[in-house]
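Q: Okay, structure incoming, though there's no sequence with it:
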């Protein structure tokens, strides 16, 4: 019903915000990790929304990116995870952290979200395994346009294989590689060195 809502940020609560648009105040539940990205009260803000409808209530959920919204909708399809559980996951983990955890069967990481136990985390991985691939996790948009997507992916994939061969988990390796910019001068060796350096600082 609503693709996004843009208006004046009027209120910030523990787990929701109020945006005024056209004289109407919309109460929107947002992930906790999004709170730090909010502008000040009285300033303009835009959030992508999902309207959850039950017999006794209508609830709006908001996200700063379409990627977060898409992951929220994906999580809603997992049996046993309702909108609050999906929001809890996106409050505890970023979209890519969820992707990395799914592709690497990382139950422990998913269980970090409040209310998500080991059995629920295992079910989430099983149900999303065929809907999230390693390519999704590795294909992180880069600012540089000097390298083709194909070369970017090849370098990341080979670096990923090298890191996992060294004993790092796929989730940790993918998470680290997602923060490294691939340029036209990048090769597997240089990316691997940077990844190892970054992982040593964790």
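A: All right, it came through fine. Since the structure is predicted, the reported quantities are computational estimates derived from the model, not experimental observations.

Q: next helix or strand past the helix or strand bottoming out on mean pLDDT in the chain?
A: The helix or strand of the chain with the lowest confidence, counting by mean pLDDT, DSSP states H and E, is helix 134-138 at a mean of 61. As assigned by DSSP states H and E, the chain's next helix or strand after helix 134-138 is helix 149-165.

Q: So which elements touch the helix or strand following that next one?
A: Per DSSP H and E, the first helix or strand lying C-terminal to helix 149-165 is helix 170-178. Counting contacts by 3 or more C-beta pairs under 8 Å, 6 or more residues apart in numbering; DSSP states H and E, helix 170-178 packs against helix 95-103, helix 134-138, helix 149-165, helix 188-200. No exception for glycine: its C-beta is placed from N, CA and C like everyone else's.

Q: before we move on, which element is residue 51 in?
A: Per DSSP H and E: strand 44-53 holds residue 51.

Q: From the chain's centroid, how far away is that strand?
A: 16 Å (C-alpha atoms, centre = their mean, to the nearest Å).

Q: Please name whichever of the helices and strands packed on helix 170-178 is nearest to residue 70.
A: Closest of those to residue 70 is helix 95-103, at 8.1 Å (criterion: C-beta to C-beta).

Q: now the residue most central in space within the chain: how far from residue 31?
A: Taking C-alpha atoms, centre = their mean, the centroid of the chain lies closest to residue 95, which sits 1.0 Å from it. For residue 95, the distance to residue 31 equals 10 Å [C-beta to C-beta, to the nearest Å].

Q: Give the intersection of the neighbour lists for the two.
A: Residues touching both residue 95 and residue 31 (C-beta atoms under 8 Å, 6 or more residues apart in numbering) are residue 68.

Q: how about residue 62, secondary structure?
A: Under DSSP: H, G, I helix; E, B strand; the rest coil, the three-state class of residue 62 is strand.

Q: what's across from it in the sheet?
A: Residue 62 has these beta-bridge partners by DSSP bridges: residue 49.

Q: I'd like to know how many residues surround it.
A: Burial of residue 62 is recorded as 26 neighbouring residues (other C-beta atoms under 10 Å).

Q: same question, the one 3 residues further on
A: A total of 13 residues lie near residue 65 under the criterion other C-beta under 10 Å.

Q: That one: what's it in contact with?
A: Counted by C-beta under 8 Å, 6+ apart, residue 65 has contacts 48, 95.

Q: Point me to the helix or strand that includes residue 68.
A: According to DSSP H and E, residue 68 maps onto helix 66-76.
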